[in-house]
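Trainee: Sequence below, structure please.
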Amino acid sequence: METRLSRRGFLRRAATASAGMAIPWIVSGRALGADGKVPASERVTLGFIGTGGMNNAHLGGILGNPRCTVLAVCDVDQGRRLAAQQRVGGQCAAYNDYRELLDRQDIDAVFVATPDHWHTLISIDACKAGKDIYCEKPLTLTIGEGKALVDAVRRYGRVLQTGSQQRSSWEFRQACELVRNGRIGRVHTVWTNIGSAPGGEWAPDEPVPAGLDWDMWLGPAPWVPFNPLRHPYSFRWFFDYSGGKMTDWGAHHNDIAQWGLGMDGSGPEWIEATGTFPTEGLYDVATTFEIHYTYSTGQVVKCVSSPPPEIRFGVTFEGTDGWVWVTRGDMETEPRELRDEVFGPDALRLEYSTDHHGNFLDCVQTRERPICDVEIGHRSVSVCHLGNIALRTGRKLHWDPVREEFIDDPEANRWINKPYRAPWHL
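Mentor: Sure thing, here's the model as predicted:
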């Protein structure tokens, strides 16, 4: 492994030192042999932590990719773990404890797609172990976790791609470029319609299913008995593990709002929220909500579960001279001809990617920052966390996006972090 990594480092340094010189075996960040294939010594070796849901989908997108090799999978659910191992085949190892996977010196990078409350701790441990990370959205459970994760990625010199794949889709980039180039005039309002969450669901506690390490699944979250409503998919509706629709779809669409407003490294200054919470059952996240974020520019983002009829699911930018609506696979504009506009050489162009996985693999090899770098992911999900804090405190909040704390509000600042259950800690 040391020989292979040293070779990669040599190639990267050689490419930098030889700017302007042709290096025939490097094409688009990929190491190619004479026959156009990626030699085994130059493939990115991967481990998958969490093998259900999104990582099952990621695994399908990675298997067969000649640029990489999957060496290990990890899941606290034995059935999922063994199914993923069988799917990969070959010499793929399977682990219950992610730390054993991270201890392997032959793994370059990991895909992390666990429940949200595990994202940060696993990703920071991966940084310390010298691995690059593709981490699913929402990147964190709290704002404090995000600050710690950004610090770890920078300190250890790692690459982290947030799984906000809309940044690698043509329609979202086109919409944001139209907005950033003033094609709809000055933007005054952005609507992010993300839908409502379920509430009132109830089920009795049950014995832990065979093959599930429930204590490890809970990890840093408070201990509770196993309940089928907490695992697997519906963990999203508990604040101990996630943030409801605000961090589920909000992490996607508020990310696009931030991109379109040019706020990737910042955030809103004022947050006001109204909403409803379940009055019975186990779920505790907001079921309906309307949150207004006001930025230093005076622009307002309205994140809503039940918008006016004319506001469709997705992101709507409203400007003085028109509007842009965008959702996955579709975009509409007013004026209509803006949809197919071809930008001239003087236009502002945003980072280009058509393949979120490919962009990550490129950056693992080039050491550049990916299209949805850790700080972008942190800032975007911070918008969602701010909305949840405003909902839970029930009052208007004043946020300092530079210092990342509430202004003259010790009570609200206590919501920035959340204690971990021993022995887990950041």
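
Trainee: Without its sequence neighbours, what residue ends up closest to residue 131?
Mentor: Sequence neighbours aside, residue 110 is the residue nearest to residue 131 in space, at 5.2 Å (criterion: CB to CB, 6 or more residues apart in numbering). Quick note: C-beta positions are derived from backbone N, CA and C, even for glycine.

Trainee: Helix, strand or coil: sort out residue 69 for me.
Mentor: At residue 69, secondary structure determined by DSSP: H, G, I helix; E, B strand; the rest coil is strand.

Trainee: Hmm, residue 46 and it touching each other?
Mentor: Yes: shown here, residue 69 and residue 46 form a contact pair, counting by CB atoms under 8 Å, at 6.9 Å.

Trainee: out of these two, which sits in the busier spot?
Mentor: Using other CB atoms under 10 Å, the more surrounded residue of residue 69 and residue 46 is residue 46, with 26 against 21.

Trainee: how close does the closest residue to the more buried one other than its chain neighbours get to residue 112?
Mentor: Leaving aside its sequence neighbours, residue 46 sits nearest to residue 70 (CB to CB, 6+ apart; 5.0 Å). Note on residue 70: its distance to residue 112, by CB to CB, to the nearest Å, is 14 Å.

Trainee: Between those two, point out the one with more neighbours.
Mentor: residue 112 (29 against 24).

Trainee: residues in contact with that one?
Mentor: Contacts for residue 112 (CB atoms under 8 Å, 6 or more residues apart in numbering) come out as 49-50, 55, 118-119, 122-123, 126, 133-136.

Trainee: Skipping its backbone neighbours, what lies nearest it in space?
Mentor: Per CB to CB, 6+ apart, closest to residue 112 is residue 135, 4.5 Å.

Trainee: For the residue lying closest to residue 37 once chain neighbours are set aside, give me its contacts.
Mentor: Leaving aside its sequence neighbours, residue 37 sits nearest to residue 66 (CB to CB, 6+ apart; 6.2 Å). Contacts of residue 66 were listed using CB under 8 Å, 6+ apart, and they are 37-38, 43.

Trainee: can you give me the helices in the protein?
Mentor: In the chain, the helices defined using DSSP state H lie at 2-17, 53-62, 78-88, 98-102, 119-128, 143-155, 170-180, 214-218, 245-248, 250-261, 356-366, 374-393, 410-413.

Trainee: Could you tell me how far the residue nearest to residue 131 is located from residue 98?
Mentor: 8 Å.

Trainee: try residue 104
Mentor: For residue 104 relative to residue 98 (CB to CB), the value is 11 Å.

Trainee: same thing with residue 123?
Mentor: For residue 123 relative to residue 98 (CB to CB), the value is 10 Å.
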